[in-house]
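Trainee: model the structure of this input:
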Amino acid sequence: MSRRRPADGADRPAVVAMGASQPGLRRYNERLVIDAIRLSGPLTKAEIARMTRLTPQTATVIVNRLIDEGYLLKQELRRGKVGQPSTPIALNPEGAYSIGVIIGRRALETIMTDFTATVINRTTFSYPWPDREQVFDQIATSVQYLVDSLGVTQRGRLAGVGIAGPRDLHGWETVIGTPPGELANWRGVDIRARVAAETGLPTWLLNDASSACLAEMVLGIARQHRSVLYLYIATFIGGGLVLGGQIQVGAHGNAGALGSMPLQRRDTGVPPQLIEAASLYTLRAALGGDGATYQAAIDGTLPADAPEQAQISAWVDEAARAMAFAIVAGISVVDIEAAVIDGVMHRGLIARLVDAVRAELHRYNDDGLVLPELRPGAVGRDARQRGGAMLPLHARFAPSNSLFLKDESGEDAEFALNID
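Mentor: Residues are numbered from 1 along each chain as shown. This next block holds a predicted model:
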């Protein structure tokens, strides 16, 4: 999904990081300029200088160099304003390429994006459950196919592979109908290292819901909010947490793991988790496990008068109650501005969920709390894959260091996310 450039005179998101004109900071300043354009759309040199707080002379030198190197390009003159016509500078789609992989519980999807994060190619491989060796073999095959689709020069601009995947593929076997023990060999596997070895490309890894959150923060709501609780609904529901404009990963990579949130206390037994009330596997079960009907419900092609609409409505009500509880529980711990709900479903179903959650939120006693603004996500079905594809691009081209991941050498490396 491309981002529209703000209309002339509209407020632009401020680039908080400050540039510097001293020698030796060339790489940082280049990244700062790229980041400003990525998050704001095409900018004139004067606007770039103002947003990055570089001197006009330094900004001009950097922009010209990045144009010569193929990362930026000039657009048509902007006319009709007071003063001399100005030339907007945009990202060159051919400036870099990246591959994003989502390892799902029902399918593996691999995409190729250009420098503007636009999807230009993809592959999809479905399975009843993620068999480990089959998944790694298919990743290698799919990545090679995407690499081969590039020209020789384009391959030299490939930034790497970003993987979005659950950290617990070995879990919840009975929920997705996997024979007992089939997923046990995922436990303890270093997915990043294995994919790097299989593909020979620099590789990064991030939790799938956090990857979706990353895509939303860059391509969707971006800098409109500095603190966000993010919920993404797929086979299982997951979450992400943004504080101070940066995605949080936590001590064990589980920050924002809303799917595992207990819903209530029980005197006996194990409390149910959000995953058991607001995930799509529960909708599929409610529809009798019929794959065709389920897919039509997800795609929005199920007729409005279909009898299965009653099961969909019941699922929406139950999921909304559970998500509203999770949001209220979340804001009682971390004060946030907005909650965002997105998923692999069609936009109409997302809108129904948002409306239902909003109604449920107002049933809570909010004394001492400030309910967040509730918004539908803007990226949708491809959020996890596109977030994965952003990992190599941010590692190479973003100026600030905010996520701590493993780089392709396996060493601890600061990973740039800059969404401030």
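Trainee: so where's the stretch 201-350 of the chain uncertain?
Mentor: The stretch 201-350 of the chain contains residues with pLDDT under 70 at 222-223, 265-268.
Trainee: would you map the helices across it?
Mentor: 208-215, 280-286, 291-299, 309-331, 347-361 (DSSP state H, counting those that start in this stretch).
Trainee: same question for the fourth one: list its buried residues.
Mentor: When you say that, I think you mean helix 309-331. Buried residues in helix 309-331, counted by 16 or more other Cβ atoms under 10 Å: 311-312, 315-316, 318-328, 330-331. All C-beta spots, glycine's among them, are computed from the backbone N, C-alpha and C.
Trainee: cool, the last one as well?
Mentor: For helix 347-361, burial by neighbour count (16+ other Cβ under 10 Å) applies to L349, I350, R352, L353, V354, A356, V357, R358, E360, L361.
Trainee: equivalent analysis for the second one, please.
Mentor: The neighbour-count check on helix 280-286 (16+ other Cβ under 10 Å) flags L280, Y281, T282, L283, R284, A286 as buried.
Trainee: cool, stretch 298-312 as well?
Mentor: For stretch 298-312, by 16+ other Cβ under 10 Å, it's I298, L302, E308, Q311, I312.
Trainee: of all those, which two lie farthest apart?
Mentor: By the measure Cβ to Cβ, I298 and Q311 form the most distant pair in those, at 13.2 Å.
Trainee: pick out the residue closest to the middle of the chain.
Mentor: A212 (2.4 Å; Cα atoms, centre = their mean).
Trainee: and the buried residues of helix 280-286, which is closest to A389?
Mentor: L280 (22.9 Å).
Trainee: tally of neighbours for the nearest residue to that closest one once chain neighbours are set aside?
Mentor: The shortest distance from L280 to any non-neighbouring residue, by Cβ to Cβ, 6 or more residues apart in numbering, is to T235 (5.5 Å). By other Cβ atoms under 10 Å, 20 other residues sit near T235.
Trainee: tell me the phi and psi of T235?
Mentor: Torsion angles at T235 (phi, psi; degrees, to the nearest 10) stand at phi -50, psi -40.
Trainee: what of the one 10 residues further on?
Mentor: Backbone dihedrals for G245, given as degrees, to the nearest 10, come out at phi 80, psi 10.
Trainee: my guess is it meets R226, correct?
Mentor: Yes: with contact defined as Cβ atoms under 8 Å, G245 counts as touching R226 (4.6 Å).
Trainee: burial of P399, as a residue count?
Mentor: P399 has 21 nearby residues by other Cβ under 10 Å.
Trainee: tell me how far it lies from A277.
Mentor: Using Cβ to Cβ, to the nearest Å, we find P399 at a distance of 41 Å from A277.
Trainee: what pLDDT does R157 get?
Mentor: As summarised for this prediction, R157 has a pLDDT of 97.
Trainee: burial check on Y71, number of neighbours?
Mentor: So Y71, with other Cβ under 10 Å, has 21 neighbours.
Trainee: how far is the helix or strand containing I111 from where the chain is centred?
Mentor: Secondary structure from DSSP states H and E places I111 in strand 107-113. Per Cα atoms, centre = their mean, to the nearest Å, the displacement of strand 107-113 from the mean C-alpha position of its chain is 13 Å.
Trainee: do the same with stretch 93-113
Mentor: With Cα atoms, centre = their mean, you get 12 Å for stretch 93-113.
Trainee: likewise for stretch 108-125?
Mentor: That offset, for stretch 108-125, works out to 13 Å (Cα atoms, centre = their mean).
Trainee: now do the buried residues in that stretch.
Mentor: Under 16+ other Cβ under 10 Å, the buried positions of stretch 108-125 are L108, E109, T110, I111, M112, T113, D114, F115, T116, A117, T123, F125.
Trainee: these two touch, right, the fourth one and G100?
Mentor: Spelled out, it's I111. Yes: between I111 and G100 there is a contact under Cβ under 8 Å: 4.9 Å.
Trainee: need the residues touching each of those two.
Mentor: Residues touching both I111 and G100 by Cβ atoms under 8 Å, 6 or more residues apart in numbering: Q385, R386, A389.
Trainee: now render those residues as a markdown table, adding neighbour count and distance to A255.
Mentor: Below are those laid out as a markdown table (neighbours: other Cβ atoms under 10 Å; distance: Cβ to Cβ, whole Å):
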| residue | neighbour count | distance to A255 |
| --- | --- | --- |
| Q385 | 28 | 21 |
| R386 | 29 | 20 |
| A389 | 32 | 22 |
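Trainee: redo these as TSV? Include pLDDT and distance to Y294.
Mentor: Converted to TSV, these look like this (pLDDT from 0 to 100; distance: Cβ to Cβ, whole Å):
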residue	pLDDT	distance to Y294
Q385	96	21
R386	96	24
A389	97	27
